[in-house]
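> Using only what follows, build the 3D model:
(one chain, ligands or ions: 1)
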Amino acid sequence: MEQYDFDLLVIGGGSGGVRAARMAAQRGVRVALAEAQGIEGLGGTCVNLGCIPKKLYAYAAGYADAFRESRGYGWIGEAPQLDWELLKSRRAAEIRRLNGVYANLLRGSGVTLLEGWARLTGAHEVSLATLNADGSAGLQHYSAKTLLIASGGQPYLPHFQGREHVISSDQAFDLDPFPQRLLVVGGGYIACEFASIFNGLGSRVTQLYRGEQILRGFDDEVRHFTAAEMRKSGVDLRLQAGVLAIAREADGLHVTLEDGNRLVVDAALYATGRVPKVEGLGLEAVGVAQGADGRILVDDEYRTNLPSVYALGDVTSRVQLTPAALGEAMQLVDHLYGTGKAARRMDYELIPTAVFSHPNVATVGLTEAQARERHGEVRVFRSEFRALRHTLSGSEERTLMKLLVDASDRVVGLHMVGAEAGEIVQGFAVAMKAGATKAVFDATLGIHPTAAEEFVTMREPVARTPD
Ligand SMILES: Cc1cc2nc3c(=O)[nH]c(=O)nc-3n(C[C@H](O)[C@H](O)[C@H](O)COP(=O)(O)OP(=O)(O)OC[C@H]3O[C@@H](n4cnc5c(N)ncnc54)[C@H](O)[C@@H]3O)c2cc1C
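Residues are numbered from 1 along each chain as shown. As a prediction, this is how the structure comes out:
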């Protein structure tokens, strides 16, 4: 008789948990996956409250520009109006479809699906709090040789007067009614994306950020350029600005700013960071080591201080992106249940990433400041232009592209602000991973006429970018 109920029990059916469970089960491992949102909520943050619904809304927002700009191309007549309720229900239906795809993939691989809140009760034991069909609560117990925690993260909201009136990105997708006046607080990628989305959908958006410039961690020139373009597109972006208090009045939320100014808005969306989802997991009781911010501490094989307990994805706060959680899951399964062939390793170098703001931002490799610090003298190639599309569209939007090249001629940083930046930079990320030099970029013919061809036609380095 088997010593444990399962070989592997995964807590969390998000990007990392689903991938690990499915791959392990495909190798004949007896796997269970527990998801607090139930089978109908499979897919985690990315599918339900992150990447996918956000990108769908970004597409929706993009139509406003397309309708406006189409006039420059000879299209006449009234522009269509947004039906927010219809958009919400179409999004919800697509997410439900994806939830079903995830459930089928897991079942098809032989994963046992458990619905409920999982809590560690030992190094090999988990309790599952469930809701029975009659509405009563139940508690089940399972054991597994290996436990994997992939419980993800959740929004962090600062404490201030009126906190109860604000929402996080989790609630933004289903706002009711549509906010004609929206306050977005934060300067990270999620804040910029939601500011752009609601601005595009027709809200009057004010975005406040405490720091000197949005998108901390990105190339400084990219940050300034993006801020200018977002303002141009209509977002009232205010830097070094914060909220003192928020009160609900009959005509909306009254926001008092730190500088004494006041705003009245219909909704206030706080995108002020995310924290690991660890409460109620039983980590302290079982003795799983955590960092000061709550993240679960793991080694290079995603093992915690308990040899039978592993963790990956956002709950470990390494790189909070879906492809990173997927990569970590694949490495872990290879490590635990490998076929003897060289195991895959998650590589944290040169991770490409995008911000689906308006305009899009995408980047891979080092910022100019990092490149100078790491490589000393770097050559900077830069192009700023109006895309061909906008010669007739009437839009004033501009595009920025930037390449950073080290002394050995290797391209160590590539940045873009402009339409479809994510789609374009994904391809260049492959070249950079392969170690492409500037000479290789120069030897590559462009696809004409595209914006992307600028990356292979920049010939002269610019003088050092002014600080
Ligand atoms: C608004 C937003 C936009 C984003 N956009 C992008 C993007 O464009 N590109 C990108 O790469 N990444 C994006 N991300 C980040 C991405 O969603 C996460 O990095 C990714 O989902 C992390 O996967 P995970 O498996 O670690 O956790 P999650 O996907 O968060 O999954 C964790 C799962 O565990 C479940 N769970 C938690 N505790 C328990 C418990 N005790 N018992 C049972 N189940 C539990 C949760 O219900 C959840 O389903 C975005 C995130 C947000 C919030």
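> which ones are touching the residue nearest to residue 131 when sequence neighbours are not counted?
The shortest distance from residue 131 to any non-neighbouring residue, by Cβ to Cβ, 6 or more residues apart in numbering, is to residue 137 (6.3 Å). C-beta coordinates here come from the backbone N, C-alpha and C atoms, glycine included. Remark: with contacts taken as Cβ atoms under 8 Å, 6 or more residues apart in numbering, residue 137 is in contact with 129-131.
> now do residue 197
Taking Cβ under 8 Å, 6+ apart as the contact definition, residue 197 lies against 54, 57-58, 60-61, 358.
> and if you look at residue 54?
Residue 54 touches 169, 193-194, 197, 356, counting by Cβ under 8 Å, 6+ apart.
> can we see that at 6 Å?
By Cβ atoms under 6 Å, 6 or more residues apart in numbering, residue 54 lies in contact with residue 193.
> ok, the host helix or strand of it near the ligand or not?
Per DSSP states H and E: residue 54 is located in helix 51-70. Yes. Counting by Cβ under 6 Å from any ligand atom, the ligand has neighbours in helix 51-70: 51, 54.
> buried set for that helix?
For helix 51-70, burial by neighbour count (16 or more other Cβ atoms under 10 Å) applies to 51-54, 56-58, 60-62, 64-65, 69-70.
> and what of stretch 241-254?
Going by neighbour count (16+ other Cβ under 10 Å), the buried part of stretch 241-254 is 241, 243, 246, 252-254.
> contacts for stretch 250-264?
165, 183, 206, 242-247, 265-266, 268.
> any chance you could map the strands in the stretch 251-400 of the chain?
252-257, 262-265, 267-270, 274-276, 309-311, 353-355, 361-365, 379-385, 399-405 (DSSP state E, counting those that start in this stretch).
> Rounded mean pLDDT for the fourth one, please.
Along strand 274-276, the predicted confidence averages to a pLDDT of 97.
> Determine the set of other helices and strands touching that strand.
With contacts taken as 3 or more Cβ pairs under 6 Å, 6 or more residues apart in numbering; DSSP states H and E, strand 274-276 sits against strand 153-155.
> show me what contacts whichever residue of the stretch 301-450 of the chain sits closest to the ligand?
Minimum separation of the stretch 301-450 of the chain from the ligand (Cβ to the nearest ligand atom) falls at residue 313, amounting to 2.1 Å. Neighbouring residues of residue 313 by Cβ under 6 Å, 6+ apart: 16, 150, 325.
> Would you confirm that the last one contacts residue 16?
Yes. At 3.5 Å, residue 325 counts as touching residue 16 under the criterion of Cβ atoms under 6 Å.
> give the contact list for residue 425.
352, 362, 364, 416.
> Now flag whichever of the residues you listed is closest to residue 278.
Nearest to residue 278 among the contacts of residue 425: residue 352, at 28.6 Å, using Cβ to Cβ.
> wait, what's in contact with the closest one?
364, 425, 429.
> Next, it: phi, psi?
Taking degrees, to the nearest 10, you get phi -70, psi 150 for the backbone angles of residue 352.
> near the ligand, which residues of the stretch 301-450 of the chain?
Counting by Cβ under 6 Å from any ligand atom, the stretch 301-450 of the chain comes close to the ligand at 313-315, 320-323, 325.
> Can you tell me which of these has the most neighbours?
Highest neighbour count within these, by other Cβ atoms under 10 Å: residue 313, with 34 neighbours.
> per-residue confidence averaged over the helix or strand hosting residue 171?
With elements taken from DSSP H and E, the one containing residue 171 is helix 169-172. Mean pLDDT, computed over helix 169-172, is 98.
> Likewise for stretch 297-308?
Mean pLDDT, computed over stretch 297-308, is 97.
> Contacts for stretch 362-379 next, please.
Contacts for stretch 362-379 (Cβ under 6 Å, 6+ apart): 219, 350, 352, 354, 404-406, 412-416, 421-422, 425, 429, 432, 461.
> Surely residue 402 and residue 383 touch.
No. Assessed by Cβ under 6 Å, residue 402 is found out of contact with residue 383, at 7.8 Å.
> Ramachandran angles for the closest residue to the ligand within the stretch 1-150 of the chain?
Per Cβ to the nearest ligand atom, residue 14 is where the stretch 1-150 of the chain lies closest to the ligand, at 1.9 Å. Dihedral angles of residue 14 (phi, psi; degrees, to the nearest 10) stand at phi -100, psi -160.
> Could you tell me the model confidence score at it?
pLDDT at residue 14 comes out at 98.
> do you know how far it is from residue 455?
34 Å (Cβ to Cβ, to the nearest Å).
> try residue 16
Applying Cβ to Cβ to residue 16 and residue 455 gives a distance of 32 Å.
> Looking at these two, which one has more neighbours?
Neighbour tally, residue 16 and residue 455, criterion other Cβ under 10 Å: the higher count belongs to residue 16, 33 against 24.
> so who does that one touch?
Applying Cβ under 6 Å, 6+ apart, the residues near residue 16 are 150, 312-313, 325, 329.
> pretty sure it is in a strand, no?
No. Read with DSSP: H, G, I helix; E, B strand; the rest coil, residue 16 is helix and lies in no strand.
> How much space separates it from residue 59?
26 Å.
> do residue 456 as well
To residue 59, residue 456 is 28 Å away according to Cβ to Cβ.
> Where does pLDDT dip in this protein?
1, 340-342, 464-467 (pLDDT under 70).
> now the helices: where do they sit in it?
Applying DSSP state H to the chain gives helices spanning 15-26, 44-48, 51-70, 84-109, 169-172, 189-201, 220-232, 283-286, 322-337, 368-375, 389-393, 421-433, 438-443.
> Could you list which residues are in contact with residue 184?
Counted by Cβ under 6 Å, 6+ apart, residue 184 has contacts 191, 194-195, 207, 269.
> That's all I had, so thanks and see you.
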